[in-house]
Each structure stands twice: as structure tokens, then as C-alpha cells.
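Peer 1: With the sequence up front, the predicted model follows.
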Amino acid sequence: MSTTIVLSREFRDNQKKYFDLIDNNEEVIIKRRNGKAYTIVPITATEVYFLDPQIKARLERSIAQAKAGEVKELTLKRQIELLGE
């Protein structure tokens, strides 16, 4: 994988070019005058789903419940009741 380093103004002026590089698995680092730098990486459709604040909150509640032992066994009988055969 090759790496391209650009200043923020160059990135802003030529975003399509750099997004195309990223889409082709190239690393693009954007440097700012204040000394900070950023890398943009593509995310999958699944990852976009988990960025939804409501989904994220629901998952966090579920994880906390599981850690606290607040879980119910999903038996085969209950699966059939919920989903059908």
C-alpha cells in the first residue's frame, strides 16, 4: 500500500482524486498547518449501521444487561414461536 501525504487545502481542492486513491486501498494522510494529521479510511455498510446513535445505545444496553447476567435462554421452542418453522 502506498501513502500519499497532502496539505488540507490540496485535499479540499481535489477531494475526488484523493477519495479515489483511498477507494483503491491507498493511504492518504492529510496534514494541517497546526501540526495535526488525519487518515481517512472507508467504512462498510455494516459499520455505517452501527454509527446510528439509537442502534449504538441499544447495543450498549444489551451488552450491559449481558454482563449483569440479565439474559434469557432462547430455546428452540421459543425460536419457533417467534419465527415460525
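Peer 2: Structure's in. What do you need?

Peer 1: The residue lying farthest from the centre of the chain in helix, strand or coil?
Peer 2: Most distant residue from the mean C-alpha position of the chain: K77, 35.4 Å away (C-alpha atoms, centre = their mean). Assigned with DSSP: H, G, I helix; E, B strand; the rest coil, K77 falls in the helix class.

Peer 1: Can you give me the distance of it to V28?
Peer 2: 53 Å (C-beta to C-beta, to the nearest Å). All C-beta spots, glycine's among them, are computed from the backbone N, C-alpha and C.

Peer 1: Distance check, the residue farthest from the centre of the chain against P53.
Peer 2: Distance from K77 to P53, by C-beta to C-beta: 35 Å.

Peer 1: longest helix of this structure?
Peer 2: helix 53-67 (DSSP state H).

Peer 1: got a list of contacts for that one?
Peer 2: Y49, F50, V71 (C-beta atoms under 8 Å, 6 or more residues apart in numbering).

Peer 1: Count the residues that sit near the first one.
Peer 2: It refers to Y49. Other residues within reach of Y49, judged by other C-beta atoms under 10 Å, total 10.

Peer 1: same deal with T4?
Peer 2: Around T4 there are 15 residues (other C-beta under 10 Å).

Peer 1: Name the nearest residue to it, sequence neighbours excluded.
Peer 2: V28 (5.0 Å; C-beta to C-beta, 6 or more residues apart in numbering).

Peer 1: Alright, calling it a day.
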